[in-house]
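**Student:** Fold the following, please.
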Amino acid sequence: MPVDVDPNDIVIVGAGPVGLYAAYYAGFRGLKTTVVDALPEAGGQITAMYPEKEIRDVAGFASIRGTELVNNLLQQAAQHDYNLLLSETVGELDTADDGLYRLTTSEGRVIVTRAILIAAGLGSFTPKSLPTIQAPLPEGVLHFVPKLSALDGQDVVIVGGGDSAVDWALAAIPRAKSVAVVHRRARFRAHEANVEEMRSGRVRIIAPGEIQELRAGISVEAVVVRQPGAGDQVLPCDKLIMALGFTSDLGPLGAWGLERIGIHFCVRPDMQTSRERIFAAGDVSEYPGKVRLISVGFGEAAIAVNHIAAAIDPAQQVFPGHSTHGAE
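**Tutor:** Numbering: from 1, shown residues only. A predicted model of the protein is given here:
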């Protein structure tokens, strides 16, 4: 069983945007760092599900594609040496008499570290489907669109009322033959500005409305939509995108004995959880007033790493100084 002889200063669980930024910041603070992620590529949910999606709430970018953001974060993190372990799940956590944590991974690796930062997003995630649509899904029924070119010239129907549904609609408008959005409620949960942009675009909105039937052979051909007071309508459909959210599971992290609310770990203002030198940042953290945005997660990562630096070496200051000073 491989064991690190030289302990890490920090192990970051999760290689999504927040984890990658934390890896950069840990390098900036001179910390020996390992990042572990169960997915085969860095980038978390963005890489797995939304690589071509436009992200509009990251400081400094009016709009940036998911893959571009992840690539930028990887380049930023690469300014300092760190170890990136992909397709590897963090499992059992042990504490030794020397105060070090020992993490066992799915590959039988034992990683020794002084501190841990959980940046695991929402843990492992399984997309939700319509109850009227059962596996195996016919061709053209999707939960996300890895390549937007798949929508070119297609009749696209999107189900959902959150940010993902509206974002997919906006992405489909310039590409698709037709775009329809079906939501069971009249009011959308998505960002209001994006909803208004969708309403002013070439989108047929059926809200409230529900899909009653999927007509398909090998691939999807049409959907039957029921709208109160209007009866059933048949919509042509080459691509049906079910943007209905996900069920999440913390997996082994849930057995670490950390105080949590659901799948979110409770943290103090320094982002430390209920266990000493175990911190959490990004979507997985919880505190009063929490707002789950990538931009917020970046700030939380910086807070956590700076407090970790001081926790493992009391001679270090929490405030790192400004990055511009290092270039002088």
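
**Student:** Settle this for me: residue 215 is touching residue 221, isn't it.
**Tutor:** Yes: using Cβ atoms under 8 Å as the test, residue 215 is close enough to residue 221 to be in contact (5.0 Å). (C-beta placed from N, C-alpha, C; glycine too.)

**Student:** what about the strands in the stretch 101-250 of the chain?
**Tutor:** 101-105, 110-118, 124-127, 141-142, 155-159, 178-182, 204-206, 210-216, 220-227, 231-236, 239-242, 246-249 (DSSP state E, counting those that start in this stretch).

**Student:** Show me which helix runs longest in this structure.
**Tutor:** helix 294-312 (DSSP state H).

**Student:** ok, residue 190 - how many residues close by?
**Tutor:** Neighbour count for residue 190, taken as other Cβ atoms under 10 Å: 21.

**Student:** ignore the last one, residue 312
**Tutor:** 17.

**Student:** show me what contacts it?
**Tutor:** Contact partners of residue 312, counting by Cβ atoms under 8 Å, 6 or more residues apart in numbering, are 9-10, 31, 114-115, 277.

**Student:** export those to JSON lines and tack on pLDDT, distance to residue 54 and neighbour count?
**Tutor:** Shown next, in JSON lines, are those (pLDDT from 0 to 100; distance: Cβ to Cβ, whole Å; neighbours: other Cβ atoms under 10 Å):
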{"residue": "9", "pLDDT": "97", "distance to residue 54": "36", "neighbour count": "20"}
{"residue": "10", "pLDDT": "98", "distance to residue 54": "32", "neighbour count": "28"}
{"residue": "31", "pLDDT": "97", "distance to residue 54": "33", "neighbour count": "22"}
{"residue": "114", "pLDDT": "96", "distance to residue 54": "39", "neighbour count": "20"}
{"residue": "115", "pLDDT": "97", "distance to residue 54": "35", "neighbour count": "25"}
{"residue": "277", "pLDDT": "97", "distance to residue 54": "38", "neighbour count": "20"}
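
**Student:** Would you reformat these as JSON lines and include distance to residue 321?
**Tutor:** Converted to JSON lines, the contacts of residue 312 look like this (distance: Cβ to Cβ, whole Å):
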{"residue": "9", "distance to residue 321": "18"}
{"residue": "10", "distance to residue 321": "19"}
{"residue": "31", "distance to residue 321": "15"}
{"residue": "114", "distance to residue 321": "22"}
{"residue": "115", "distance to residue 321": "20"}
{"residue": "277", "distance to residue 321": "23"}
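
**Student:** Pull the most distant pair out of these.
**Tutor:** 31 and 277 (12.4 Å; Cβ to Cβ).

**Student:** least trustworthy helix or strand in the protein by mean pLDDT?
**Tutor:** Lowest on mean pLDDT, DSSP states H and E among the helices and strands of the chain sits strand 124-127, with a mean of 76.

**Student:** How far off centre is stretch 242-259?
**Tutor:** Relative to the chain's own centre, stretch 242-259 is displaced by 12 Å; criterion: Cα atoms, centre = their mean, to the nearest Å.

**Student:** contacts for that stretch?
**Tutor:** With Cβ under 8 Å, 6+ apart, stretch 242-259 has contacts from 13, 89-93, 118, 120, 122-130, 133, 141-144, 158-160, 162, 164-165, 168, 260, 263, 265-266, 273-275, 278, 280, 284.

**Student:** Got the phi and psi for the closest residue to residue 76 other than its chain neighbours?
**Tutor:** Nearest residue to residue 76, sequence neighbours excluded (Cβ to Cβ, 6 or more residues apart in numbering): residue 24, at 4.7 Å. With angles defined as degrees, to the nearest 10, residue 24 sits at phi -60, psi -50.

**Student:** show me what contacts residue 24?
**Tutor:** 73, 76-77, 79-80 are the contacts of residue 24 under Cβ under 8 Å, 6+ apart.

**Student:** Could you do residue 43 as well?
**Tutor:** 15-17, 20, 51, 66-67, 70.

**Student:** Just the closest of the residues you listed to residue 176, please.
**Tutor:** residue 51 (18.5 Å).

**Student:** hang on, that closest one packs against residue 65?
**Tutor:** Yes: at 7.3 Å, residue 51 counts as touching residue 65 under the criterion of Cβ under 8 Å.

**Student:** For the two, indicate the residue with more neighbours.
**Tutor:** The neighbour count for residue 51 versus residue 65, taken as other Cβ under 10 Å, is higher for residue 51 (20 against 17).

**Student:** ok, now which ones touch that one?
**Tutor:** Contacts of residue 51 by Cβ under 8 Å, 6+ apart are 43, 65-67, 70, 146.

**Student:** and what of residue 180?
**Tutor:** With Cβ under 8 Å, 6+ apart, residue 180 has these contacts: 156-158, 203-206, 235.

**Student:** Counting neighbours, what do you get for residue 271?
**Tutor:** When neighbours are counted by other Cβ under 10 Å, residue 271 comes out with 26.

**Student:** Ignore what I typed, I meant residue 324.
**Tutor:** Neighbour tally, residue 324, other Cβ under 10 Å: 7.
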